[in-house]
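In: With the sequence up front, the predicted model follows.
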Amino acid sequence: MTSSTANGPESGAKAVPPDHLGHVIFITAAAAMGGFLFGYDSSVINGAVEAIRDRYDIGSGTLAQVIAIALIGCAIGAATAGRIADRIGRIRCMQIASVLFTASAIGSALPFALWDLAMWRIIGGFAIGMASVIGPAYIAEVSPPAYRGRLGSFQQAAIVIGIAVSQLVNYAVLQIADGDQRGEILGLEAWQWMLGVMVVPAVLYGLLSFAIPESPRFLISVGKKAEARKILEEVEGDKIDLDARVTEIETAMHREHKSSFKDLLGNRFFFLPIVWVGIGLSMFQQLVGINVAFYYSATLWQSVGIDPTNSFFYSFTTSIINIIGTVIAMVLVDRVGRRPLALVGSIGMAVALAVEAWAFSADLVDGKLPTAQGATALVAAHVFVLFFALSWGVVVWVFLGEMFPNRLRAAALGVAVFAQWMANWAITASFPSLADWNLSGTYIIYAGFAVLSIPFVLKFVKETKGKTLEEMG
């Protein structure tokens, strides 16, 4: 599923601000609720890890599979969402995702067995995968060309806000439960409330989907030109030639090449080189261990002697740093370029991860890290998240949207995102066992990937700043 405006503004809509920009912002924010749920659902499990381990009396390997299994659903949801949305529409797809998010929240909060919890996590993962595809595509399709970049950033902003809110909710629930993840609140354990609270934004997402219009592109694709014209007037204003806009979109759709997996194949190394670069960017983004900071941070801090309440507070502050870094990246990505940000981020992450590895190598004293190493580990963890957020967290998505030739973009992006979810799964599933083996050694591995990303960017990744999408061919 690609946007008809992916190749730049059509001639009929050159940088004309809409009459009701506030309404367009509302539409964009409503669609970005999917991104909020993406971030929230991905991160909220952080608060339940130790309680799930204790309630079901499971080891690190089994625990990791329950935590990571949602990512399998994510990969499937991302791979199928475009086809579903092209068949039934973007709004209907959002509504399906809302139902799945709601069902996952209720089911995860009220599991009767471990396999039942895992099943609801897969369902939630499918919704995340759908939201990760539908939100950006819909926003691009309804945004006026003059504001598309800024409105498109709503999705990433919503994701990091969702992560932060999930940590804040977990912290608040833990306060009510006197610091015990299994403490009882109104008949349910604290961790069940953490997972169940997501039903509120999930239902809100569904309700908002009834208040926003369908994508004009989809309406044109199914022959509803009059409705599409009306929505174009609503989001782009009446100062443009609406009939010309409809014709331009229709012409662009007929002209589009539907990329397929076969288009990505090369002669020597299975995929074309540019596809491997996209896969490499996606995998390095995850192999530095960023999601350990959001899935396991509370458990990590508790394992080195920080009490549960404070561990949740530090998880929340990490999320705030994530938001700050994302804002910095949004400001700089079009000014300094993608490659410089990626290189600065890689260097910063490598140093921070190496410092964390040193701090975690210290022997515990009475179950805690020595004061100096404990403080160093906390600072280094926040520095790591900051450098990731201001670089690879945003830059990779920008690269993936820009670097592929038009004829390959949709299929290549699908392969790269699938690789990203698989790398995410590998890191998430392996961390508990690796941490049991050697926590310091685990962070050395992540630091190694950060170091390897530097020559990868220098040798294989080309700058895309200031280039048209046509120049990528």
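Out: Looks like it came in fine.
In: Next one: the nearest residue to A359 once chain neighbours are set aside, what pLDDT does it get?
Out: If the residues on either side of it in the chain are set aside, A359 comes closest to A377, at 3.8 Å by Cβ to Cβ, 6 or more residues apart in numbering. Quick note: C-beta positions are derived from backbone N, CA and C, even for glycine. In this model, A377 is scored at 89, pLDDT.
In: Could you report the neighbour count for A377?
Out: 24 (other Cβ atoms under 10 Å).
In: before we move on, what about A375?
Out: By other Cβ under 10 Å, 12 other residues sit near A375.
In: for it, what are its contacts?
Out: Counting by Cβ atoms under 8 Å, 6 or more residues apart in numbering, A375 touches no other residue.
In: Begin at 184, not 1, for the rest of this chat.
Out: With 184 as the first residue, the last one maps to A558.
In: Now name the helix or strand holding it.
Out: helix 554-572 (DSSP states H and E).
In: hang on, G217 packs against I317?
Out: Yes. Applying Cβ atoms under 8 Å, one finds G217 in contact with I317, separated by 6.2 Å.
In: what is in contact with the two at once?
Out: Common contact partners of G217 and I317 (Cβ under 8 Å, 6+ apart): M277, A280.
In: residues touching the residue nearest to A542, list them.
Out: Going by Cβ under 8 Å, 6+ apart, the list of residues near A560 reads V487, E539, A542, F543, L552.
In: go on, G256?
Out: Here G256 is in contact with R304, I305, I306, G307, G308, F309, A310, I311, G312 (Cβ under 8 Å, 6+ apart).
In: so of those residues, which ones are in helices?
Out: Those of these mapping onto helices are R304, I305, I306, G307, G308, F309, A310, I311, G312, per DSSP state H.
In: which non-adjacent residue is nearest the first one?
Out: Meaning R304. A253 (4.2 Å).
In: okay, the one you found: pLDDT?
Out: Reading off the model, A253 has pLDDT 88.
In: Next, give phi and psi for it.
Out: Phi and psi for A253, reported as degrees, to the nearest 10, are phi -60, psi -30.
In: For it, grab the count of nearby residues.
Out: 28.
In: roughly how far apart are it and E324?
Out: 28 Å (Cβ to Cβ, to the nearest Å).
In: Y321 and G272 touch, don't they?
Out: No. With contact defined as Cβ under 8 Å, Y321 does not reach G272; the gap is 9.8 Å.
In: which ones are touching V475?
Out: V475 is in contact with L483, I610, T611, F614, Y629, counting by Cβ under 8 Å, 6+ apart.
In: T509 too?
Out: T509 makes contacts with Q339, A340, V343, A572, L573, G576, V577, as judged by Cβ under 8 Å, 6+ apart.
In: now the strand or helix carrying it against helix 554-572, angle please.
Out: According to DSSP H and E, T509 maps onto helix 491-515. Using axes from the mean of the first three to the mean of the last three Cα atoms, to 10 degrees, the inter-axis angle of helix 491-515 relative to helix 554-572 is 40 degrees.
In: Show me which parts of helix 491-515 are buried, residue by residue.
Out: Under the neighbour-count criterion of 16 or more other Cβ atoms under 10 Å, helix 491-515 has 491, 494-499, 501-506, 508-513, 515 buried.
In: for stretch 557-566, same thing?
Out: Result for stretch 557-566 [16+ other Cβ under 10 Å]: buried residues G557, T559, A560, L561, A563, A564, H565, V566.
In: Mind pulling up the pLDDT for V380?
Out: pLDDT, V380: 95.
In: What's the separation between it and V538?
Out: On the measure of Cβ to Cβ, V380 and V538 end up 35 Å apart.
In: With L283 instead?
Out: For L283 relative to V538 (Cβ to Cβ), the value is 40 Å.
In: where in the stretch 384-533 of the chain is pLDDT low?
Out: 421, 438-444, 450-451, 486, 491-492 (pLDDT under 70).
In: For this protein, list the residue farthest from the centre, please.
Out: Distance to the chain centre peaks in the chain at D549, reaching 38.1 Å (criterion: Cα atoms, centre = their mean).
In: What segments of the chain are strands?
Out: Per DSSP state E, the chain carries strands over the ranges 367-368, 371-372.
In: A385: how many residues sit nearby?
Out: 26.
In: M586 contacts K645, correct?
Out: Yes. Between M586 and K645 there is a contact at 7.4 Å, judged by Cβ under 8 Å.
In: can you give me the helices for the stretch 534-656 of the chain?
Out: Using DSSP state H, counting those that start in this stretch, the helices of the stretch 534-656 of the chain run over 554-572, 575-585, 592-643.
In: Now do the same contact list for I259.
Out: G308, F309, G312.
In: Could you dump these into TSV with neighbour count and distance to A599 added?
Out: Output for those, formatted as TSV (neighbours: other Cβ atoms under 10 Å; distance: Cβ to Cβ, whole Å):
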residue	neighbour count	distance to A599
G308	27	18
F309	25	19
G312	28	14
